[in-house]
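In: Task: produce atomic coordinates for the following.
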Amino acid sequence: MPLLGYHMSYPTSLRADLEFNYWWLAHAIDAAVDAFERTGDDAHLARAGRLHRAIRLRNGGRLVNGYFDDMMWLGGALARLGEVSGEERWLDRADHLWHVAAEKGWNLRHGASLAWRRRQLDYKNAPANGPFAILGARLERLRPDGREGLARAAFDWMHVRLRDDATGFVADGIGREGGTARDDWAFSYNHGVYIGAALALHRLRPDQRLVAHASLTAVDLLDRLAPDGVFVEQGTGDGALFGGIAYRHLVDLATTEGVPPAVAERVGGFVSGSVAALQRSGERRGVLLAGPRWDAPASLPATLSAQIGAVLAVEAAAVLERSSGAPD
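Out: The predicted model follows:
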């Protein structure tokens, strides 16, 4: 792995590598934590630490940036790293990022919730509030310090302002252009972080209603964005990572006690079937290369975001296999 993280594309190019994608590398840390949980090999923890260093170097020697969603993705990954490694320094950094977001980005515009970025405090969306709730709930479980109230408020805001209670659909955000219009864009990571936030709060204070809400949203996600058994294309840049994010939370739901058996079965079928499709279409000379859609070969250059998304999905599939007693 290069000093400053991974190459941004395959084949590599200097132009692509000049780009800095903070939040992609945050999810690469998540993938390293997944690999450690699967194997117990400390080399994956070391890789996560190197990725953290790369983010700091590329970000001017600090973790804080102008985007609250970016910081919540990284905070979530560092909190997981701290939990599995037992190293408090990672939890300290995750906690710092969460508090920066709470102090600088939380406001009452469009309802009490977290803004997307510092320069646009009246734009609220799922990619900021979902990870904020997930990180707050995780930190509160690991080191209680009064974060639960804001974590629940962020989830409640998503539930009331972005989610359709009849279908489970989760919209993207409100106020992007300065007014009160809602963007009803369908992206898998919006559904995913809603599911993840519901389950994180359920673990803090068990509430089967949260499991039911997450289950309905999972069904809507698969109906809407995976009608053919793989996620529809959501873009080749950031969008190529959206699906991988959803996999973790779908598998988390499928392995949660109290989830409706039909939902768990449907999620399991989707995960195993779509990962098999990736293996069929993406293998090239013994290397798995993912594109934005998994039932077709990747076109070149392939983006790092698509590869990280695929790794997250395959690791989630491995979790599902282990939970069912099947060999990895």
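In: The helix-or-strand element of the chain with minimal mean pLDDT pairs with which strands, parallel or anti?
Out: Lowest mean confidence among the helices and strands of the chain (mean pLDDT, DSSP states H and E): strand 283-284, at a mean of 85. For strand 283-284, the paired strands and their directions (DSSP bridges) are strand 287-288 (antiparallel).
In: Just name whatever secondary elements whichever helix or strand comes after the strand it pairs with is in contact with.
Out: Toward the C-terminal end, the helix or strand that comes next after strand 287-288 (DSSP states H and E) is strand 302-303. If contacts are counted by 3 or more C-beta pairs under 8 Å, 6 or more residues apart in numbering; DSSP states H and E, strand 302-303 sits against strand 9-10. (Glycine included, C-beta is placed from N, CA and C.)
In: so how far is the strand it packs on off the chain centroid?
Out: Centroid separation between strand 9-10 and its chain, computed with C-alpha atoms, centre = their mean, to the nearest Å, is 22 Å.
In: For that strand, give me every contacting residue.
Out: 16, 17, 289, 300, 301, 302, 303, 304, 307 (C-beta atoms under 8 Å, 6 or more residues apart in numbering).
In: Pick out the most distant pair among these.
Out: The span of those, defined through C-beta to C-beta, is set by 17 and 289 at 18.0 Å.
In: So for the two, which residue has more residues nearby?
Out: Using other C-beta atoms under 10 Å as the criterion, residue 17 and residue 289 rank with residue 289 on top: 19 against 16.
In: Check the spacing between the more buried one and residue 303 real quick.
Out: Separation of residue 289 from residue 303 (C-beta to C-beta, to the nearest Å) stands at 11 Å.
In: that older thread, pull the distance from the least confident helix or strand of the chain to the chain's centre.
Out: For strand 283-284, the distance to the chain centre is 26 Å (C-alpha atoms, centre = their mean).
In: can you list the residues that contact that strand?
Out: 289, 297.
In: For the residue lying closest to residue 4 once chain neighbours are set aside, grab phi and psi.
Out: Distances taken as C-beta to C-beta, 6 or more residues apart in numbering place residue 54 nearest to residue 4, at 5.0 Å, with adjacent residues excluded. Here is the backbone geometry of residue 54 (degrees, to the nearest 10): phi -60, psi -40.
In: What is the burial count for residue 54?
Out: Residues near residue 54, counting by other C-beta under 10 Å: 20.
In: swap in the one 10 residues further on?
Out: The number of residues packed near residue 64 is 16, by other C-beta under 10 Å.
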